[in-house]
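> turn this into a structure:
(one chain, ligands or ions: 2)
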Amino acid sequence: MSTRFDTSYEPELREHLHISGLVPPVVETYDIQIKRCLKALESKKSGLDKYVYLSHLRNSNFNLFYRLLIGHMKDITPLVYTPVVGDACENWSHIFSEPEGLYLPWKERGNLAETIKNWPEKEVDICVVTDGSRILGLGDLGVGGIGISIGKLALYTACAGIHPTKTLPIVIDLGTDNERLLNDELYLGTRMKRLGEKDMMKFLDEMMAALKARWPSIIIQFEDFKNPFPSLAKYQNMYTCFNDDIQGTGAVVLAGVINAVRDTGIAPKDQRLVFLGAGSAGVGVARQIMEMFKKDGHLSEDEARKLFYLVDSKGLVTNDRGDKLQEHKLIFSRSDNNGQQYKSLEDVLDYVKPTILMGLSTIGGAFNEGIIKKMATYSERPIIFPLSNPVSKSECTFDEAMKYTNEKVLFASGSPFPSYEGKDGKIHEPGQGNNMYVFPGIGMGTIISQASLINQDMIYASAEYLATSLTKEERDDGLIYPRIDRIRDVSARVALGVVRAAERNHLARNPEIVGMDDDTLVEYIKGKMYDPTAVPTEVEETDPGMWNWLTSKLSLPWSASKL
Ligand SMILES: O=C([O-])CC(=O)C(=O)O
Ligand SMILES: [Mg+2]
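Ligands and ions are numbered 1, 2, ... in the order given. Purely as a prediction, here's the structure:
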């Protein structure tokens, strides 16, 4: 990763860095640089071409890349993250040109500490690790999964200001069951069938210990594991780690539900929730919402649990369905169905008459016209969240949800959708209930508090602080999530909540923050955020006098506070 060849650098800085002559002679403003980037992006036809351009930009000058991304969150995020990152992961072995993370294959077992030592950056605050076995809703993409680790970490930097050189994308390569990849001569991963859970856990044991040995306070985010439960259960009380798909998705959806439930005017105890999809994300989300209903709705565990109906590929999850249920589904499995089984989503809706419909099924279009119209008959303002990613797997579009509910829906999707023009000409924006609203703040809050563990209270706090970070103006516009261009502020609030929870749980270890009030702490968090407009830190380290002179002289067109 480099920032050395930036055309915005003034002659004095170029001399100091010994790059005069290596950079074109003109000294450019940031605005001009960004214009060039936007023009280049515009000239690329496909999302994938844009992705490749942006990757090169990040690798050649990350400051410029982050100035572009932070200044154009709404337009650029979909190109480096959901949905285009899905195309990138699917085509990874065809678009690959440079390594941007760590590849840890099975054959390196026993030697992972040495392999991890090869990572060139001395300091790492956070890594995202996937095994590529369930990338978004796209299935097993083998080592192509590293794209999701890279994409998530780009958002850690853009949203929460974690320095780009302190982020580490990892893919562990335990084989793949994807025949297309196994038969592709360009495939970059190990050509073998995917190993099972026992081997995976052995490998992860070694990797976790090796990561911690090299960077004792590293945060480890698990991402897109087909079965994410064993690693979370095993490591969450041993290492500073969390699972984004269970806990991050759970928290972000919870925040949206908190705000949406308030807008329905219906008390938690009178809500009924149907979940299409009973995998890790579905159950993770349901669990978090159940906690909220217990806390805010003053319900017992049992009362809260009974409001949830999970639907998987065999229909409503019940105790007497005749198949052996996976462990994680048991908590929400119904026993009050009087022997009746409900096979289709439609049957379940007729039976439950839900006020809330959640999609975590990766079945694109599963919420069809009939389903959405039914929802509109059960409550004045139905809550419909098609959360599967990327766009192609979304259970319905924003357009459909608005049209078929007479514009009454309270909506959030996992992937971005265009806005909708209402009958009265008003433009409605869709909520995007993507975990990008919380994971950067969870990471930043953990770094700031120096917490040794990430417990459930910290995750819950991320949801609460996200929910309350909605402004009055956003509320009045019918939004349930903040506008994406405010994400830096929002992430700082989420981080604040995470720090407070860490303090409450006696997990915080940073002496500098003891006794700080909320405003001071938010400013402290913002002060720690990476600023892509600042003078390169290598100058500060090698020549403080020069650095002081440059910072006072350089006119920085983007001040940190503007970001
Ligand atoms: O990456 C995203 O957009 C959300 C996510 O974690 C997933 O769908 O697995
Ligand atoms: Mg994920």
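
> thought residue 414 was touching residue 389?
Yes - applying Cβ atoms under 8 Å, one finds residue 414 in contact with residue 389, separated by 4.4 Å. Any C-beta I mention is one placed from the backbone N, CA and C, and that applies to glycine too.

> mind listing the strands for the stretch 201-350 of the chain?
219-222, 241-243, 273-276, 308-312, 315-316 (DSSP state E, counting those that start in this stretch).

> Throw those strands into TSV and include mean neighbour count, mean pLDDT and distance to ligand 1, thanks.
TSV is the format used below for those (neighbours: other Cβ atoms under 10 Å; pLDDT from 0 to 100; distance: least, Cβ to the nearest ligand atom, whole Å):
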stretch	mean neighbour count	mean pLDDT	distance to ligand 1
strand 219-222	24	98	10
strand 241-243	26	97	10
strand 273-276	25	98	15
strand 308-312	24	97	18
strand 315-316	20	96	24
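
> of all those, which one is nearest residue 290?
Among the strands of the stretch 201-350 of the chain, the nearest to residue 290 by Cβ to Cβ is strand 308-312 (6.7 Å).

> adding distance to residue 169, write the strands of the stretch 201-350 of the chain out as JSON lines.
As requested, the strands of the stretch 201-350 of the chain are exported to JSON lines (distance: least, Cβ to Cβ, whole Å):
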{"stretch": "strand 219-222", "distance to residue 169": "10"}
{"stretch": "strand 241-243", "distance to residue 169": "15"}
{"stretch": "strand 273-276", "distance to residue 169": "31"}
{"stretch": "strand 308-312", "distance to residue 169": "32"}
{"stretch": "strand 315-316", "distance to residue 169": "39"}
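
> can you list those in TSV and add distance to ligand 2?
Shown next, in TSV, are the strands of the stretch 201-350 of the chain (distance: least, Cβ to the ion, whole Å):
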stretch	distance to ligand 2
strand 219-222	9
strand 241-243	9
strand 273-276	17
strand 308-312	19
strand 315-316	26
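
> so which of those gets nearest residue 179?
Of all the strands of the stretch 201-350 of the chain, strand 308-312 comes closest under Cβ to Cβ, at 24.8 Å.

> distance from the closest one to the middle of the chain?
24 Å (Cα atoms, centre = their mean, to the nearest Å).

> with stretch 216-227 instead?
With Cα atoms, centre = their mean, you get 12 Å for stretch 216-227.

> quick one: end-to-end distance for that stretch.
Start to finish, the residues bounding stretch 216-227 are 26 Å apart (Cα to Cα, to the nearest Å).

> for the stretch 1-150 of the chain, what are the low-confidence residue spans?
1-4 (pLDDT under 70).

> so for residue 419, what's the pLDDT?
Predicted confidence (pLDDT) for residue 419: 95.

> now do the contacts for it.
398, 427, 428, 429, 430 (Cβ atoms under 8 Å, 6 or more residues apart in numbering).

> can you put those residues in TSV and add secondary structure, pLDDT and neighbour count?
Shown next, in TSV, are the contacts of residue 419 (DSSP: H, G, I helix; E, B strand; the rest coil; pLDDT from 0 to 100; neighbours: other Cβ atoms under 10 Å):
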residue	secondary structure	pLDDT	neighbour count
398	helix	97	24
427	strand	93	9
428	strand	94	16
429	coil	92	19
430	coil	93	23
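
> farthest-apart pair in those residues, please.
398 and 427 (11.7 Å).

> what touches both of these two?
In contact with both residue 398 and residue 427: 419, 420, using Cβ under 8 Å, 6+ apart.

> quick one: common contacting residues for residue 414 and residue 389?
82, 434.

> the residue nearest to residue 156 when sequence neighbours are not counted and residue 388, how far apart?
Sequence neighbours aside, residue 162 is the residue nearest to residue 156 in space, at 4.5 Å (criterion: Cβ to Cβ, 6 or more residues apart in numbering). Distance, residue 162 to residue 388, by Cβ to Cβ, to the nearest Å: 27 Å.

> equivalent analysis for residue 63, please.
35 Å.

> now residue 106
On the measure of Cβ to Cβ, residue 106 and residue 388 end up 30 Å apart.

> which of those two has more residues huddled nearby?
The residue with more neighbours, out of residue 106 and residue 388, is residue 388; 24 against 17, by other Cβ atoms under 10 Å.

> for the more buried one, give me its contacts.
Counting by Cβ under 8 Å, 6+ apart, residue 388 has contacts 137, 277, 359, 360, 361, 362, 363, 364, 394, 395, 414.
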